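> here is my input; please provide its structure:
(2 chains)
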Amino acid sequence: MISRQKNFPMRTLFLVLGLLAIIALAGCAGSPTWFEPASSNAALITHLGTAIFLIAIGVFVIVEAMLVFSVVRFSRKREGEALQIEGNRKLEIAWTAAPAIVLAVVFALSLQTLQSVAYSPAPDPAGTPAGDAVHVRVVGHQWWWEFDYPELNITTANELHVPVNTVVNFDLESVDVIHSFWVPQLAGKTDVIPGHINHTWFKADQLGTFHGQCAEFCGEEHALMQFQVVVQSPDQFQTWVAQQQAPAAAMTGDAAKGEQLFLNGACIGCHTVNGTKAAGKVGPNLTHLASRKYFAGNVFENNAANLKKWLTDPPAMKPGTLMPNLHLAPTDIDALVAYLTSLK
Amino acid sequence: MATNVGALPMERRYETGIARWLTTVNHKDIGILYLVSAFLFFFVGGIESLLIRLQLGEPNNTLLSPDVYNQIFTMHGTTMIFLFVMPVMAGFGNYIVPLMIGARDMAFPRLNALSFWTFLFGGLLLYSSFLLGGAPNAGWFAYAPLTSTQYAPTHGMDFWVLGILMTGVGSTVGSLNFVVTILNLRAPGMKMSKMPLYVWQQLVTSFIILFALPSLTVAAILLFLERNFGAPFYLANQGGDPLLWQHLFWFFGHPEVYILILPAFGIISEVLPTFARKPIFGYTAVAYSGVAIGFLGFTVWAHHMFAVGMNPIADAVFSIDSMIIAVPTSIKIFNWIATIWGGKINFKAPFLFAVGFIAMFIIGGLSGVSLAVVPINFQVTDTYYVVAHLHYVLFGGSVFAIFAGIYYWFPKITGRLMNDRLGHLQFWIQFVGFNLTFFPMHILGLLGMPRRIYTYGSQYGWDTLNLLETIGAFTIAMAILVFVWNVVTSLRRGEKAGNDPWDGQTLEWTTSSPPPAYNFATIPTVHTRRPFWDQKYPQLATEKSKTPALVMPAADDAHGAVHLPAGSFYPIIIALGLAVAFYAMIFMLPLSLIGVVIVFAGIIGWVREPR
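Prediction:
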């Protein structure tokens, strides 16, 4: 009787777990999961993770089965008293040794991978020149990402472009609080800490766009501090570099009016547009804003309607953002939007 | 089986009404105060968790503003750790430890009262922040420099620091009391090697608190100095270092995990033998593995910091240390299963919760090992995978054990049994709700969902699992309602428990339910680990003892009256003085002198109080 009571919920549990697994697989589409790695280093972690999870599932099944079996079997009504035993040395040695051995295997596996992912591969002294690698300085801001390519003279925000099959080395800095740089499909997390310069790297081996996100709680808009990594073929990357290196486009019509408003307004206190007097460092560099797909921490699609909404009242779109409501006149906003959408 | 309760006189100055509860120094009263207050905080923390789940139930939700969401999750974590699990364990310890070791009270009854009042006032101080400008919003881990006045300009963080310091006073004083009580007040014949395992775990926990808490205290004081007196300990641009906070915090924070789970291990190690009607399997291994965990717990703090950019060699060291802890933990699990094996199981609610504890803790332990694997940690740290892990350990672990303990000792504390059918009902609702809430979090973490985000877009494939979790959270809430109903109705109409409703093995079951103020009319002498069982069933005794397992001298006039300490107002006065001083430190520093004066007046009165 009691054992039936016990069995029924167990079966339900397995049913629920099975359903969950199906839902999870269905949910995978579009998820930034490290189980679909797109770099050699992330793939190493995925392999390790798969091995460790299989070991864990094995241990789980064995130990839970022991538990459930003991409970079910000894819950039955029966004659006589319980076994009065205090222990068994051999058994106890066995179940001390067993987990120790499993853990030793796990540790050995993990050391191997740690070696490979911790250090960026040194430039091959015999072959390819060191110049092959791309170097990016990542600066965390509340709540957006600045990406500098010092050797290429490019500064952009929230949209990181890298060439495929190339080692990309990152220096990570923060201007305010601790953030964490994470692109699940390309590299695990490295914290971005004020007063420290941290390093990480990856070598993407697939073309595509990959979701990145701040992973350390960094205040009010932690959730909306995202970015994307665009992995491009070498040619595409060179085109992008050339475009980003160009000075801001010349403006005509409404956009020219917007430019004047921009350069004579409060905007330049925080934003830079290369080739103009706007050289603020607090907010994102806007020289090629229109080339980016999203804005404000890679959250809102970069189009005229959204920019208009943003300029009307930034904190209404992203509460907590450091950009204040400047109470701009609607006509000025239209001109500014024309200007910003022309910064290709 | 003579019951060991005599009609002996006792001294008490404030025996009735509210004054009794304000002045009580009796360990059982204080235990009840701890348990009741902790459960009230549990309900508040639970409501906070429901708000979190409501907000995350669908993508792009705007139920809570980001700032309110951050306050709520900060308070949820802080509450469940500092205001629920720690004090509830202190409550059990206060009530049960003296009874288990055959003592009349804790070693320092008035200090015991002080530890309760500082905990309660610390918790209330923290919660008053909601009404006084906003609750803390930097997470229970409060990483610098997010806690500095520049990024946290409200008084919320000051309330957090002072609330934590105040409850810390309570925990420190309480732990000292447990250590002295356990080392000195055990019944004659109860060597350390005969001590109930619950008492063992409580002893280890108390030592961990004494050695770990100072690190948090230091960290918090430095933060307070930074925020209020411009001493930039954690500010990189002024020569400080935000990582200093992380090391100090986790040097406390990881042992804290064992502070929360070791007493749970102790409860399980009492419940399983009682309901399997067996001795614990491998007493020595269970006791010493607890000690080993206590020591090892101090060597693993930086496994919370693998992503901060430490040297890979340091990573490897903290990784292997963390894995080594899994060995003593596995030993305990195997010993518990072996304790069930061959038993004649009395399938009551406490046993069910204990089995649920083991089943869930295994999952939490396994995910813990995966987190100790550094490269995996780089991917899963700060994601919902960690949220799943910590809830499998602290909810599936500690909270299930707490319910096992409540169902187990409720009859001893109140004299009435809780309804067992409702207990089973609560267990199954809670078990399903728990797994529905927290299991999908593993998957969400692997699908890339970071923790501590107040919203998420619908393009990431996280919607369905989040909705399931929200449904699960409300399922847990239903189970808690069943529990509350069970407590309320059992208090009034529950079956009378008698001294020994479970056919228990340890000393607390030899006295009446509830026990008299003095616990035992005469102090028993014990010679085995299961003195009461061995007395009842000498033919089933496993330990050879030349003397009887348990000797309880009959209470007679020759032993005279039991001297019990009188109630005292001074503990609550000192705690009040501290609270006054702390409020003044936030709002008007010079006024804190008033609080200091009250504290000193309390100390002087305390010392001069006639005993």
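
> what does the helix or strand of chain B with the lowest mean pLDDT contact?
Scoring the helices and strands of chain B by mean pLDDT, DSSP states H and E places strand B:550-551 at the bottom, with a mean of 86. Strand B:550-551 is contacted from outside by B:507, B:510, B:524, B:525, B:526, B:527, B:528, B:531, B:532, B:534, B:535, using Cβ atoms under 8 Å, 6 or more residues apart in numbering or on different chains. (Glycine included, C-beta is placed from N, CA and C.)

> pull out the buried positions in the helix or strand following that strand.
As assigned by DSSP states H and E, the chain's next helix or strand after strand B:550-551 is helix B:570-587. Judged by neighbour count using 16 or more other Cβ atoms under 10 Å in any protein chain shown, the buried positions of helix B:570-587 are B:570-586.

> one more: stretch A:268-283?
Buried positions in stretch A:268-283, judged by neighbour count with 16+ other Cβ under 10 Å: A:268, A:270, A:271, A:272, A:273, A:274, A:276, A:278, A:280, A:283.

> please apply the same query to stretch A:41-56.
Buried residues in stretch A:41-56, counting neighbours by 16+ other Cβ under 10 Å, are found at A:41-46, A:48-49, A:51-53, A:55-56.

> near chain B, which of the residues you listed show up?
Applying Cβ under 8 Å from any Cβ of the partner chain to the buried residues of stretch A:41-56, one finds that A:42, A:44, A:45, A:48, A:49, A:52, A:53, A:56 fall near chain B.

> may I ask which helix or strand encompasses the fifth one?
I take that to be residue A:49. Using DSSP H and E, residue A:49 sits in helix A:40-75.

> which strands or helices does that helix pack on?
helix A:2-27, helix A:89-118, strand A:187-192, strand A:198-203, helix B:312-340, helix B:349-372, helix B:374-380 (3 or more Cβ pairs under 8 Å, 6 or more residues apart in numbering or on different chains; DSSP states H and E).

> need the three-state assignment for residue A:275.
Counting by DSSP: H, G, I helix; E, B strand; the rest coil, the backbone at residue A:275 sits in coil.

> how near is it to residue A:249?
9 Å (Cβ to Cβ, to the nearest Å).

> cool, and residue B:234?
44 Å.

> ditto for residue A:155
In terms of Cβ to Cβ, residue A:155 sits 17 Å off from residue A:249.

> residue A:92 too?
Distance, residue A:92 to residue A:249, using Cβ to Cβ: 76 Å.

> of residue B:234 and residue A:249, which one has the most company?
Counted by other Cβ atoms under 10 Å in any protein chain shown, residue B:234 and residue A:249 do not tie: residue B:234 has more neighbours, with 27 against 16.

> skipping adjacent residues, who's closest to that one in space?
residue B:144 (3.3 Å; Cβ to Cβ, 6 or more residues apart in numbering or on different chains).

> that neighbour against residue B:242, yeah?
Yes: look at residue B:144 against residue B:242 with Cβ atoms under 8 Å: they come within range, at 4.4 Å.

> which one's more surrounded, the two?
Taking other Cβ under 10 Å, residue B:144 and residue B:242 do not tie; residue B:144 has more neighbours (29 against 25).

> for that one, give me phi and psi.
Dihedral pair for residue B:144: phi -70, psi 150, per degrees, to the nearest 10.

> buried ones in the one helix or strand residue B:119 maps to?
Assigned by DSSP H and E, residue B:119 belongs to helix B:109-128. Of the residues in helix B:109-128, B:109-123, B:125-127 count as buried by neighbour count, 16+ other Cβ under 10 Å.

> picking up where we left off before, strand partners (parallel or antiparallel) of the least confident helix or strand of chain B?
Strand B:550-551 has the following strand partners under DSSP bridges: strand B:525-526 (antiparallel).

> check which helices and strands the next helix or strand after the strand it pairs with sits against.
Sequence order places helix B:531-536 as the next helix or strand after strand B:525-526, per DSSP H and E. Helix B:531-536 is packed against strand B:550-551, with contacts defined by 3+ Cβ pairs under 8 Å, 6+ apart.

> swap the cut-off to 10 Å and go again
When contacts are defined as 3 or more Cβ pairs under 10 Å, 6 or more residues apart in numbering or on different chains; DSSP states H and E, helix B:531-536 packs onto strand B:525-526, strand B:550-551.

> how about low-confidence regions in chain A?
Residue ranges of chain A with pLDDT under 70: A:1-29, A:122-131.

> can you list the domains in it?
A:2-23+A:33-76+A:94-118, A:133-234, A:253-342 (automatic domain parsing).

> many thanks, I have nothing further to ask.
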